[in-house]
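Q: Pasting the sequence and the predicted coordinates here, then a few questions.
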Amino acid sequence: MSRQSVAKAHQKIQELSWEPQYHEPVSQYGTDYSFRKADKKDPLKQVLRSYFPMQEEKDHRVYGAEDGAIRGNMFRQVQERWMEWQKLFLSIIPLPEISAARAMPLLFRTVPNPELHNGQAIQMIDEVRHSTIQQNLKRLYMQNYIDPAGFNNSLRNFQNDYCGTIGRQFAEGFITGDAITAASIYLTIVAETAFTNTLFVAMPAEAAANGDYLLPTVFHSVQSDESRHISNGYATLLMALADEENHQLLQRDLRYAWWNNHRVVDAAIGTFIEYGTKDRRKERESYAEMWRRWIYDDYYRSYLVPLEKYGLVIPHDLIEEAWNQIWNKGYVHEVAQFFATGWLANYWRIDPMTDADFEWFEYKYPGWYDRYGKWWENYNRLSRPNGHHPIVAESVDYVYPHRCWTCMVPCLVREDMVIDEVEGQVRTYCHEECRWTDVEAFRPTYQGRSTPNMGQLIGKREWETLYHGWNWADVVSDMGYVRDDGKTLVAQPHLDLDPNKMWTLDHLRRMGPVLSPNVLLNEMTPEERAAFKADYNKQGPAGRPAPVDA
């Protein structure tokens, strides 16, 4: 199909749109943005006549590669460490995809642009396709990998497991609150334009290095659609910038969207790439190096900064702080340590770091061993049951962290943790920016302006609060992360499937109860909370207790 005929078909489609005059349309999804002065053009025209043959060919390639992987015995060659972390990754990623599909209808009546409606409809089909091929990939792993436990049940308790709750709040940000905030700024302008580089390019590269050739096939097929989604977001952003009334909201939303994406996506993808790999070649890029190239240079400097001339206020301080978190404050390493601390409440196996891992981390992140080496040595020492508790209940110089109310990633960079009281509840936040999001940005009034369409961060947002006072064995049973024998845990702190070396519910019953840090915080007096905060801010790195004053 020629490009000229595509353009003519695209134009003809716009002629079929109309605004009904016989009634007042009902606004299903609200926004505080205005588009009265917007120039209504779609920079990347697409029609279904050319779209479907292209996607059909891509699907043939994906499913053909999957068949080839089975015939080529890929699942007996792939690294187990990598495959175990895919149990978490492939349980989370389909939800953002399907949430993105659900986000597009939020924009159909909100953005007055028939051209963009066509692009948004195609994006909706894209996102459904992405979720489908990702779920199928997970099914294929489950059918062929040596240990399917975890692949087969990770979606059953997605709303109340140790890590999935973080991914859920991220995905639901695409479909809650102000339609433009959620479906345009948060999803297309930041998540898809900035962070799909590390998600769909860096992850596949690491997969291939670990013998997994299916994930690259599937996720490169996904990434090839993102240019259209980026185009939808860019066109909507320019429309919003045309009306000066929107500039205040754009500044608010870009700060919120950037920071929440950084907290969740960097936490997850950084951990998968750094701690889920067995490829320790010195020339391989670290996550920090990837981030600097693909997000800082390609997104921030090449995409965002040029938009300043149109009046967009760029959160330069937050982008620099995100880099500071990754490079100087060890954010990814703190997250990996937290995931491993609570291994028993997960649904995948996390093996200890080896000498080869230690050497690589020290080479890429000088000073890593002094911060984290001793803890990982303890993790290795405590990985097989031998009369001791899991590491979360042992004395290894690690203070269990508070969760952030906003992004739900724990407050792992201890010096940045802040506290505020909202609607009678004392809440902890991993950073001042997350406090600002909850206390100021997500409110019906923002800087004196009425913003009735913004959502609010409500409910039980901390995993520990869901199970406060429960025995650990009952928690794992409630989540369903027990193997077919009814007692052996799905999760293990090693990769050995010898039944004599695996942890069971009986081992957990000897432990004390789960205690919610937030519940305990709210039981303190104001003076006790102030002392607690001062002590918490002095802790770390690697969760170490605060030094005792002489």
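A: It's in. Quantities reported herein were computed from a predicted structural model and do not represent experimental measurements.

Q: Who are the packing partners of the particular helix or strand that has Leu116 in it?
A: Counting by DSSP states H and E, the element that carries Leu116 is helix 114-144. Judged by 3 or more Cβ pairs under 8 Å, 6 or more residues apart in numbering; DSSP states H and E, the packing partners of helix 114-144 are helix 3-15, helix 48-71, helix 80-92, helix 94-108, helix 214-223, helix 226-241. C-beta here means a position set from N, CA and C on the backbone, and glycine is covered the same way.

Q: In the last one, which residues are buried?
A: Put plainly, it is helix 226-241. 226, 228-241 (16 or more other Cβ atoms under 10 Å).

Q: buried residues in stretch 410-418?
A: For stretch 410-418, the neighbour count (16+ other Cβ under 10 Å) marks Pro410, Cys411, Leu412, Val413, Arg414, Asp416, Met417, Val418 as buried.

Q: Keep only those of the residues you listed that are in strands.
A: Val418 (DSSP state E).

Q: which among the buried residues of stretch 410-418 gets closest to Ala546?
A: Relative to Ala546, the closest of the buried residues of stretch 410-418 is Arg414; by Cβ to Cβ it sits at 8.3 Å.

Q: residue boundaries of the strands in the stretch 401-550 of the chain?
A: 418-422, 425-429, 445-446, 449-450 (DSSP state E, counting those that start in this stretch).

Q: Just tell me which of those ends up closest to Phe358.
A: Of the strands of the stretch 401-550 of the chain, nearest to Phe358 by Cβ to Cβ is strand 425-429, at 31.7 Å.

Q: what residues does the closest one touch?
A: Residues from elsewhere that reach strand 425-429 (Cβ atoms under 8 Å, 6 or more residues apart in numbering): 402-406, 411, 417-421, 435, 438, 517-518, 521-522, 529.

Q: Any stretches of this structure with poor pLDDT?
A: Residues of the chain that meet the criterion pLDDT under 70 lie in 1-7, 9-20, 22-27, 37-48, 157, 550.

Q: change it to 80
A: For the chain, the stretches flagged by pLDDT under 80 are 1-28, 37-50, 114-115, 153-160, 549-550.

Q: ok, Ala267 - contacts?
A: Ile166, Tyr331, Val332, Val335, Val409.

Q: Using the three-state scheme, assign it.
A: helix (DSSP: H, G, I helix; E, B strand; the rest coil).

Q: again with the one 5 residues further on
A: Under the three-state scheme (three-state DSSP), Phe272 adopts helix.

Q: Can you give me the neighbour number for it?
A: 24 (other Cβ atoms under 10 Å).

Q: Phe89 is in contact with that one, correct?
A: Yes: counting by Cβ atoms under 8 Å, Phe89 is a contact partner of Phe272 at 5.8 Å.

Q: list residues touching both of these two?
A: By Cβ under 8 Å, 6+ apart, the residues touching both Phe272 and Phe89 are Met203.

Q: tell me the angle the next helix or strand after the helix holding Leu116 makes with helix 80-92.
A: Going down the chain from helix 114-144, the next helix or strand is helix 164-172, by DSSP H and E. Put simply, helix 164-172 runs at 50 degrees to helix 80-92, going by axes from the mean of the first three to the mean of the last three Cα atoms, to 10 degrees.

Q: Give me the contact list for helix 164-172.
A: Contacts of helix 164-172 (Cβ under 8 Å, 6+ apart): 88, 91-92, 95-96, 99, 154, 157-159, 260-261, 264-265, 267-268, 407-409, 461, 463.

Q: wait, what's in contact with Phe200?
A: Phe219, His220, Val222, Gln223, Glu226.

Q: Need those in CSV (columns: distance to Asn346).
A: Shown next, in CSV, are these (distance: Cβ to Cβ, whole Å):
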residue, distance to Asn346
Phe219, 23
His220, 28
Val222, 25
Gln223, 27
Glu226, 29
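
Q: just to revisit the earlier point, just the buried ones from the contacts of strand 425-429?
A: Using 16+ other Cβ under 10 Å, the buried members of the contacts of strand 425-429 are 402-406, 411, 417-419, 435, 438, 517-518, 521, 529.

Q: Format the contacts of Ala267 as CSV; extra columns: distance to Gly469 and neighbour count.
A: Formatted as CSV, the contacts of Ala267 follow (distance: Cβ to Cβ, whole Å; neighbours: other Cβ atoms under 10 Å):
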residue, distance to Gly469, neighbour count
Ile166, 22, 23
Tyr331, 31, 25
Val332, 32, 27
Val335, 26, 23
Val409, 24, 27
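
Q: Which residues does stretch 529-536 contact?
A: Stretch 529-536 is contacted from outside by Val399, His402, Cys411, Arg414, Met417, Val418, Ile419, Val426, Leu521, Met524, Ala546, using Cβ under 8 Å, 6+ apart.

Q: err, stretch 334-341, not the other one
A: Around stretch 334-341, the neighbours that count as contacts under Cβ under 8 Å, 6+ apart are 163, 267-268, 270-271, 274-275, 346, 350, 372, 375-376, 379, 391-392, 398, 400-401, 409-410, 412-413, 493, 540-543.

Q: if you set the cut-off to 6 Å instead, what comes out?
A: Applying Cβ atoms under 6 Å, 6 or more residues apart in numbering, the external contacts of stretch 334-341 come out as Ala267, Thr271, Tyr275, Ile350, Tyr379, Val392, Pro410, Leu412.
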